[in-house]
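Trainee: turn this into a model:
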Amino acid sequence: MFPKFMVTLVMVLFGLGFLDAAHGKEKITWPYLCYYPVIICENSRVVGGAGWDILNLMWENMPQYDHEAVLLPIKRILKDMKEGRHYLIYGLYKTPEREKYLYFSLPCRISTPTMVVIRKDELQRFGMGKSVSLKRLLEDKHLRFLMFSDISFGPGTDELLKTFGKAENVYTEYRTDKMNQYALDLLLKKRIDYFLALNGTRHRAGELGMTDEIVFIPIKEQKDYKV
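Mentor: Modelled structure (predicted):
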């Protein structure tokens, strides 16, 4: 068995060598997260999404194994794998910390640059919607920021979150379910001033009828697409 653990970010995997096929049909466990539009869920049940289609494509091309999909929080997935549990997972961002105990394949997904989400009536306070510096926002003690534990936003952003994570104006949330709804609710109730957009934030805001009440602003620290 390898000392690290394989994380799949690739369209199709063939010839996995870490399972011993000599003992019959082995089972591979695939943990997944519900996050629109990659994997779309209703009441914790998968109903669609490009990510789910990719998983099914991989399973079809690996008939020599049994495949089990398990819905788990990201915090639990990372904890299990760090402790030695063998999983294959699709769509996980590569970070220096994760590379210490995970193997990453070639990327198959590209994400848009990270943006901050604010209330529309606060546009002037945030530069009228132009690109803003996340570092400067975090340094402003009068602005309350919400961050989610164990969520990666890629290079240029993760480092800032780690640096300012203990600041008095930064609120860390450890939940891993209904994150968009939770963040939007706090924002509109003015309990926070901004947060970083997650997968599906815009879609969830539309479902909740909040589209006209929020604004997405790009950050200067991350202008490129993420893989």
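Trainee: what's the following helix or strand after the helix or strand bottoming out on mean pLDDT in the chain?
Mentor: Least confident helix or strand, the chain: strand 5-7 with a mean of 42, by mean pLDDT, DSSP states H and E. Counting by DSSP states H and E, the next helix or strand C-terminal to strand 5-7 is strand 26-32.
Trainee: for the helix or strand following that following strand, the averaged confidence score.
Mentor: Sequence-wise, the next helix or strand downstream of strand 26-32 (DSSP H and E) is strand 40-42. For strand 40-42, the mean per-residue pLDDT is 86.
Trainee: and whichever helix or strand comes after strand 40-42, C-alpha only, in CSV?
Mentor: Next along the chain after strand 40-42, taking DSSP H and E as the criterion, comes strand 45-48. Extracted C-alpha coordinates of strand 45-48, given in CSV (Å, rounded to 0.1, in the frame of the first residue of the first chain):
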residue,chain,number,x,y,z
ARG,A,45,-29.8,12.7,-2.3
VAL,A,46,-27.9,13.2,-5.6
VAL,A,47,-30.1,14.4,-8.4
GLY,A,48,-27.5,15.5,-11.0
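Trainee: pull up the pairing partners for whichever strand or helix holds M147, direction included.
Mentor: Following DSSP H and E, one finds M147 within strand 145-148. Strand 145-148 sits in its sheet next to strand 170-173 (parallel), strand 194-196 (parallel), going by DSSP bridges.
Trainee: list the beta-bridge partners for T29.
Mentor: Applying DSSP bridges, one finds that T29 bridges with E68.
Trainee: what sits against it?
Mentor: Applying Cβ atoms under 8 Å, 6 or more residues apart in numbering to T29 gives the contacts 68, 70, 86-88. In short, each C-beta sits where N, CA and C put it, glycine included.
Trainee: apply 6 Å and report the result again.
Mentor: 68, 70, 87 (Cβ atoms under 6 Å, 6 or more residues apart in numbering).
Trainee: repeat for K94
Mentor: F104 are the contacts of K94 under Cβ under 6 Å, 6+ apart.
Trainee: can you tell me what sits against stretch 200-217?
Mentor: 35-36, 115-118, 120, 129, 132, 180-181, 184, 197.
Trainee: can you rerun that using 8 Å?
Mentor: If you take Cβ under 8 Å, 6+ apart as the criterion, stretch 200-217 is touched by 35-37, 115-120, 123, 126-127, 129-132, 180-181, 183-184, 187-188, 197.
Trainee: now, of these, which are buried?
Mentor: 35-36, 115-119, 126, 132, 180-181, 183-184, 187, 197 (16 or more other Cβ atoms under 10 Å).
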